[in-house]
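Novice: show me the folded form of this:
(chains A and B)
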Amino acid sequence: MSQNPSTTSTLAGTGVSIDIRNVVKTYKTMTAVDDVSLTIEPGEFLTLLGSSGSGKSTLLNIIAGFIDADSGSIEVGGKDLTKVPPYRRDLGMVFQHYALFPHMSVWDNVAFPLKRRGVAKAQVAERVQRALDVVELGHLGKRRPAQLSGGQQQRVALARAIVFQPQALLMDEPLGALDKRLREQLQLEIKRLHRELGTTFVFVTHDQEEALAMSDRIAVMRDGALVQVGTPVELYERPASRYTAEFLGESNIFTGRTHGVDDGSALVVRPEHVRLSAAGAELPSGHNALDGVVREVVYLGSGLRVEVALPDGRHLITRSEVRGALTPSPGLPVAAHWHPEHALVVRDDTAA
Amino acid sequence: MPQEAGDAPGAGSSPAPARRRPRILDGWGLLVLPLVAFLLVVFVAPLVSILARSFTDPTTGLDNYRDFFGSPVYLDVLGNTFRISGLVTLVTLLLGFPYAYLMTLAPPLWRNLMLVAVLIPFWTSLLVRTFAWVLMLGDTGVVNQFLMSIGLIDEPTQLIRNQTGVLVGMVQVMLPYAVLPMFATMRQIDRRLVQAAEGLGARPISAFWRVYAPLTLPGVAASCLLVFISSIGFYVTPALLGGPKDMMIGELIVQQLSAVLRWGFASALAVVLLLVTAALLLLVSRIVNIGKFMGGER
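Specialist: This is a model prediction of the structure:
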């Protein structure tokens, strides 16, 4: 499909910005979305990342118009859509549960949004075929959704969501129901679609790897509020808080009183920045070091994941090369060390 | 002899086991034997006897059938039966569809209340209900009294001993049969599909008719079939609430059996009724999977 860029370019939309302003949504006892403001740039791939109950899906459904916010506003392309019903918002939506119409063929499913918009018949046929070609299902138009695999069904849903050239594409955990291999394949396809269409994508997931792999920017949500917004690199390398650091990737966290650091802060060191040397060996100058004993070594193929037990009972995780200077094995006394520039001081926002 | 409601659903589900894949008759399978024996004695044997009598009483041959199909009076009764059953089906569908739909939307407490309300007819004697309608709809009944008291009419309108009475009585009896299969189908429909349709640009009304309604069709078909076939065999309700012009085939059978004592002719009528029912089932089973909606195979 990627060898056929002309197919997608004819479906290309123009990216529009999405402005979320002070959106609040409260259910009986809980605040699902707590005063969220966020501007999504035209043509951007933005991911709302959070665990279940963080309010990310609620926020997406508020953008789509399926849920009314208690207060705040949603602007798409500079137009206030807060009071506009979903069928006039002109946004494509892809659901985790596919939401394909079971009584219609694949072709009719994809034609549905065009017919509702009164597109001329000949043009419907052409655009449906093009959209199905883009997701490589051009030959399956006559099938019923139930006759397709999960991955194929989600591609049909994608075709249906882009066929009418929506202002933006909203995706609510679209890959959540698929197995790992298929998920990674569709991640690439969605990325490619985004590149070729130029449409603004808003993607919801709880999978941090997926968020890192796909997004231009990630908005981390927790308990209905935004924790941090930034590019994958920013979030991973400069997490503003302990929550973000722990949610994205693995982290070694040190809390408590540290030199020159106030209480209420935490020190974050990513495992790949921790190096191991034999106990007593000379360390690179300026490195911070902790002595410990190797507790467990896991061979990952591309490297080793080593757990080091510290004297105070805590443990430290490192990643190292398979054929490094040191071959760690359980019971080996080591020094774990890192350059201070890799130790980040962040706000500790995980305390109860 | 057709006994309303009770008999017809039995007839409705009987083709399902026949279409089921044969199973090994193991120890548990033997447990169906008492029921099979019972049905042989009280259903199959009389049926065979009725069939035989229709061709032999009073003379051997097709006389009984020739009489029936040769006489406009009798054919009218058959036509009446179809017309009234068709009307009852239509009215129960129009009343039952929105009712079943509301049930799927209602919170659990209300849904249960609605279910009880629709099931009450099941728990009340048919005769009691039918006589209640006689009292309600009669010239001095509640309905006429009320309409006169508010000045809508000057003298009582005839509401029983005509088609209106038959329809009112039969619709009430048949409503649960219409509501329950539709409700069973509707509650399995994923409402998020409707939401998805709206997201794709369909107005709510269009989303309902293009996405929700087509998915209810199996339940609608099952309801219509159940109501229509049950209605064909009605006797008590049309006998008490209908007029002479609205005679249905059940009434004719009783009349021939107990008043005129033409047992052979009555048997022929019963056979016609059975064949029509079977033909309808066959026809509809080509369109929908009946077994599924009678609680049988999936």
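Novice: residues contacting B:Leu200?
Specialist: By CB atoms under 8 Å, 6 or more residues apart in numbering or on different chains, the contact set of B:Leu200 is A:87, A:92-93, A:112-113, A:116, A:160-161, A:164. To be clear about C-beta, it is placed using only N, CA and C from the backbone, and glycine gets the same treatment.
Novice: and B:Leu47, its phi and psi?
Specialist: phi -60, psi -40 (degrees, to the nearest 10).
Novice: excluding its backbone neighbours, what's nearest it?
Specialist: Among residues not flanking B:Leu47 along the chain, B:Leu274 sits closest, at 7.8 Å (CB to CB, 6 or more residues apart in numbering or on different chains).
Novice: tell me, how many residues neighbour that neighbour?
Specialist: Neighbours of B:Leu274 under the rule other CB atoms under 10 Å in any protein chain shown: 16.
Novice: which residues are contacting stretch B:85-103?
Specialist: With CB under 8 Å, 6+ apart as the criterion, stretch B:85-103 contacts B:111, B:114-115, B:118, B:163, B:167, B:170-171, B:174-175, B:177-180, B:182-183, B:186-187, B:216, B:219-220, B:223-224, B:227-228, B:231-232, B:234.
Novice: of the residues you listed, grab the buried ones for ChimeraX.
Specialist: Of the contacts of stretch B:85-103, the buried ones can be selected in ChimeraX as follows, counting by 16 or more other CB atoms under 10 Å in any protein chain shown:
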select /B:111,114,115,118,163,167,170,171,174,175,177,178,179,180,182,183,186,216,219,220,223,224,227,228,231,232,234
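Novice: now, which of the contacts of stretch B:85-103 lie close to chain A?
Specialist: The subset of these lying close to chain A, counting by CB under 8 Å from any CB of the partner chain, is empty.
Novice: show me what the helix or strand the residue nearest to B:Leu47 falls within is packed up against.
Specialist: Using DSSP states H and E, B:Leu274 maps to helix B:263-285. Packing contacts for helix B:263-285, counted by 3 or more CB pairs under 8 Å, 6 or more residues apart in numbering or on different chains; DSSP states H and E, involve helix B:7-13, helix B:15-19, helix B:45-56, helix B:63-70, helix B:213-232, helix B:249-254.
Novice: the ones you listed into TSV, with extra columns for mean pLDDT?
Specialist: Below are the helices and strands packed on helix B:263-285 laid out as TSV (pLDDT from 0 to 100):
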stretch	mean pLDDT
helix B:7-13	38
helix B:15-19	45
helix B:45-56	93
helix B:63-70	92
helix B:213-232	92
helix B:249-254	92
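Novice: closest to A:Met30 out of those helices?
Specialist: Proximity to A:Met30 (CB to CB) singles out helix B:213-232 among these, at 32.9 Å.
Novice: in chain B, which helix is the longest?
Specialist: Counting residues, the longest helix found in chain B (DSSP state H) is helix B:72-105.
Novice: compute the inter-axis angle for that helix and helix B:63-70.
Specialist: On the basis of axes from the mean of the first three to the mean of the last three CA atoms, to 10 degrees, helix B:72-105 is oriented at 80 degrees to helix B:63-70.
Novice: tell me which residues of helix B:72-105 come out buried.
Specialist: Of the residues in helix B:72-105, B:74, B:77-78, B:80-82, B:84-85, B:87-89, B:91-92, B:95-97, B:99-101, B:103-104 count as buried by neighbour count, 16+ other CB under 10 Å.
Novice: please apply the same query to stretch A:139-150.
Specialist: When burial is assessed from 16+ other CB under 10 Å, stretch A:139-150 yields the following buried residues: A:140-141, A:144-145, A:148.
Novice: quick check: residues of the stretch 101-250 of chain A near chain B?
Specialist: Residues of the stretch 101-250 of chain A lying near chain B (CB under 8 Å from any CB): A:101-103, A:112-113, A:116-117, A:160-161, A:164.
Novice: repeat the analysis, applying 10 Å as the threshold.
Specialist: A:101-104, A:108-110, A:112-118, A:157, A:160-161, A:163-164, A:166, A:170 (CB under 10 Å from any CB of the partner chain).
Novice: just the ones of the residues you listed in helices?
Specialist: A:108-110, A:112-116, A:157, A:160-161.
Novice: can I get those in a markdown table including pLDDT and distance to A:Glu250?
Specialist: Below are those laid out as a markdown table (pLDDT from 0 to 100; distance: CB to CB, whole Å):
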| residue | pLDDT | distance to A:Glu250 |
| --- | --- | --- |
| A:Asp108 | 96 | 47 |
| A:Asn109 | 97 | 41 |
| A:Val110 | 97 | 41 |
| A:Phe112 | 97 | 44 |
| A:Pro113 | 97 | 42 |
| A:Leu114 | 96 | 46 |
| A:Lys115 | 96 | 49 |
| A:Arg116 | 95 | 47 |
| A:Ala157 | 96 | 33 |
| A:Arg160 | 96 | 38 |
| A:Ala161 | 95 | 34 |
